[in-house]
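In: need coordinates for the below:
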Amino acid sequence: MYIPYADKAYYNNVYEGKDIPSNELKKALIQASKHIDTLTHNRIVGRGIDTLTEFQQDIIRDCCCTLADFEYNNKDMINSVIKNYSINGVSMSFDTGWNCEVHSGIIIKNDIYGELQKTGLTCRVLRR
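Out: Purely as a prediction, here's the structure:
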């Protein structure tokens with residue numbers, strides 16, 4: 001069974017999240033955690049979150065909640081198969097934008113990814 005990096009208590013009490021309904025929260029946190037695993041090249045799931053520093057754990061848990069909120073609030077656009085469209089001179093793109101990036105197929109806001117980078121776990125360089 002997959003355990004998300006942030007639980008309901010953390011989301012409600014520490015992060016003070018309010019966007020995701022209680023009955024959908026666990027699923028959203030699991031999905032966000034799996035996306036964090038992809039973005040960190042499975043370095044957390046491979047070692048366990050408890051082996052990280054307290055600083056890294058705090059960032060991972062906060063990013064998990066922030067990413068869950070972002071994905072929940074934008075699920076229709078994220079799940080859209082349309083890359084871009086234009087109607088009456090107004091265009092929209094689902095690729096990269098000024099506030100979002102696509103990493104390993106995951107759409108993430110720049111500020112969330114920037115926080116995740118502070119952990120040192122997003123680097124693609126392999127260490128021996």
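In: C-alpha only now, for contacts and for neighbours.
Out: Fine.
In: end-to-end on stretch 4-22?
Out: The straight-line separation of the ends of stretch 4-22 (Cα to Cα, to the nearest Å) is 15 Å.
In: can you give the contact residues for that stretch?
Out: 25-26, 28-30, 32-34, 49, 60-62, 64-65, 69, 72-73 (Cα atoms under 8 Å, 6 or more residues apart in numbering).
In: so Gly17 is in which element?
Out: Using DSSP states H and E, Gly17 falls within no helix or strand.
In: what about Glu101, which SS state?
Out: At Glu101, secondary structure determined by DSSP: H, G, I helix; E, B strand; the rest coil is strand.
In: again with Ser80
Out: Ser80 ends up coil, using three-state DSSP.
In: check the gap between it and Val90 for me.
Out: Distance of Ser80 to Val90, given as Cα to Cα: 18 Å.
In: ditto for Thr66
Out: In this view, Thr66 and Val90 are 28 Å apart by Cα to Cα.
In: more neighbours: which of these two?
Out: Neighbours of Thr66 and Val90, each counted by other Cα atoms under 10 Å, are more numerous for Thr66; the result is 21 against 7.
In: what does the pLDDT read for that one?
Out: Each residue has a pLDDT score; the one for Thr66 is 98.
In: contact partners for it?
Out: Contacts for Thr66 (Cα under 8 Å, 6+ apart) come out as Ile112.
In: a strand runs through it, doesn't it?
Out: No. Assignment of Thr66 by three-state DSSP gives helix, placing it outside any strand.
In: now do the SS call for Thr33.
Out: I think there's a mix-up here, since residue 33 is Ser and not Thr. What three-state DSSP gives for Ser33 is helix.
In: done for today, thanks.
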